[in-house]
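**Q** Here you go, sequence then predicted model.
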Amino acid sequence: LTAAGGVLCWGSNGFGQLGDGTWTDRATPAGVDGLGEGVLSLGANGYHTCAVTDSGAVKCWGLNEHGQLGDGSTTGSLVPVDVVGLGAGIRSVAAGYEHTCAVTTAGAVKCWGANESGELGDGSTTDRLAPVDVQGLAADVVSVTAGGDYSGGQTCALMATGSIVCWGNNGSGQLGDGTTTNRSTPTTVTARGPGYQAVSAGDEHVCALTSEGEVQCWGENLYGQLGNGSTDDQAIPSPVPGLGSGVRALSAGGLHSCVVTG
């Protein structure tokens, strides 16, 4: 995302996820068709990408096998398409493996796309080709993050109260509620210590930053992505040792996690 609000993408483009109107992989940045300015934020994961414009609209491009582009179809697109019903009033967007979620200016959450594990949060496991409301989240959501892989997706939301709620696939405990039971509506993460100020979802794990600057992670840990010195999965938040309280930001991506300190 450039200072002028333009979008540039590069890398794999087999499903049009770079948005430049081709299927050509790019080793250097390429401009996204029609998005040379006016974009506020981005969300990318799996094989699709989405953007929020300065008018509060959402546009998506790439693979659309499960309706993750939100345009009412399952037809992929090499260029940005409008998400049905989200022409205004959106604050941020998060792309999961095969689903997408957005936070409205009122603090509600809407999701669309794959839903086999309940990752859309509407109480069902039915794929949705256009946005649906997440049950119980009509207000007070600060941000949303979406993750997942071929086994299913999960979504988490940070609340204004400092709590985190998650829903969807829970096979590795990535919903953080102490179980491995999938949830089709939000379940509260079992908090350890003070409230949270940030949350980020990877493939099957989630990490969060507490209000005191401590990092906690939960879910799959096969590759040590929870950072707690073990490779055991955790169904509730587990502190990452050795980071102190000086963490400013964090990101859980795929099978690893990173933080910004100082």
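**A** In hand now; what should we look at? Values in this document were obtained by computation on a predicted structure and should not be read as measured data. Numbering: from 1, shown residues only.

**Q** per-residue confidence at the residue most central in space within the chain?
**A** Closest to where the C-alpha atoms of the chain average out (Cα atoms, centre = their mean) is Ala146, at 2.3 Å. Ala146 carries a pLDDT value of 98.

**Q** Past the helix or strand harbouring it, which element shows up next along the chain?
**A** Per DSSP states H and E: Ala146 is located in strand 141-149. Later in the chain than strand 141-149, the nearest helix or strand by DSSP H and E is strand 152-159.

**Q** now that following strand against strand 141-149, angle please.
**A** 160 degrees (axes from the mean of the first three to the mean of the last three Cα atoms, to 10 degrees).

**Q** got the CA coordinates for strand 152-159 in PDB?
**A** What follows is strand 152-159, C-alpha atoms only, in PDB (Å, rounded to 0.1, in the frame of the first residue of the first chain):
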ATOM      1  CA  GLY A 152     -10.400 -25.300   7.800                       C
ATOM      2  CA  GLY A 153     -10.300 -21.700   8.800                       C
ATOM      3  CA  GLN A 154     -10.600 -19.700  12.100                       C
ATOM      4  CA  THR A 155     -11.400 -16.100  12.800                       C
ATOM      5  CA  CYS A 156     -10.700 -14.000  15.900                       C
ATOM      6  CA  ALA A 157     -11.900 -10.500  16.900                       C
ATOM      7  CA  LEU A 158     -10.400  -8.100  19.500                       C
ATOM      8  CA  MET A 159     -13.200  -6.500  21.500                       C
END
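
**Q** by contact count, what packs against it?
**A** strand 99-104, strand 141-149, strand 164-168, strand 196-201, strand 205-210 (3 or more Cβ pairs under 8 Å, 6 or more residues apart in numbering; DSSP states H and E). All C-beta atoms are positioned from the backbone trio N, CA, C, and that covers glycine.

**Q** And the contacts of stretch 76-83?
**A** 15-16, 19-23, 32-35, 50-51, 57-65, 69-71, 100, 102, 112, 130-131 (Cβ atoms under 8 Å, 6 or more residues apart in numbering).

**Q** Please work out the average pLDDT along that stretch.
**A** 98.

**Q** what's the answer for stretch 178-185, then?
**A** Rounded mean pLDDT across stretch 178-185 is 98.

**Q** And it, what's buried?
**A** Asn182, Arg183, Ser184, Thr185 (16 or more other Cβ atoms under 10 Å).

**Q** which one among those residues gets closest to Leu255?
**A** Nearest to Leu255 among these, counting by Cβ to Cβ, is Asn182 at 20.5 Å.

**Q** Check whether that closest one really touches Gly121, as I assumed.
**A** No - here Asn182 does not reach Gly121: they are 11.6 Å apart, not a contact under Cβ atoms under 8 Å.

**Q** and the gap between the residue nearest to the centre of the chain and Gly46?
**A** Ala146 is 9 Å from Gly46, where distance means Cβ to Cβ, to the nearest Å.

**Q** list the residues that contact both of those two?
**A** If you check Ala146 and Gly46 against Cβ under 8 Å, 6+ apart, the residues they both contact are Ala95, Gly96, Tyr97.

**Q** Could you dump those residues into a markdown table and include secondary structure?
**A** As requested, the shared contacts of Ala146 and Gly46 are exported to a markdown table (DSSP: H, G, I helix; E, B strand; the rest coil):
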| residue | secondary structure |
| --- | --- |
| Ala95 | strand |
| Gly96 | coil |
| Tyr97 | coil |
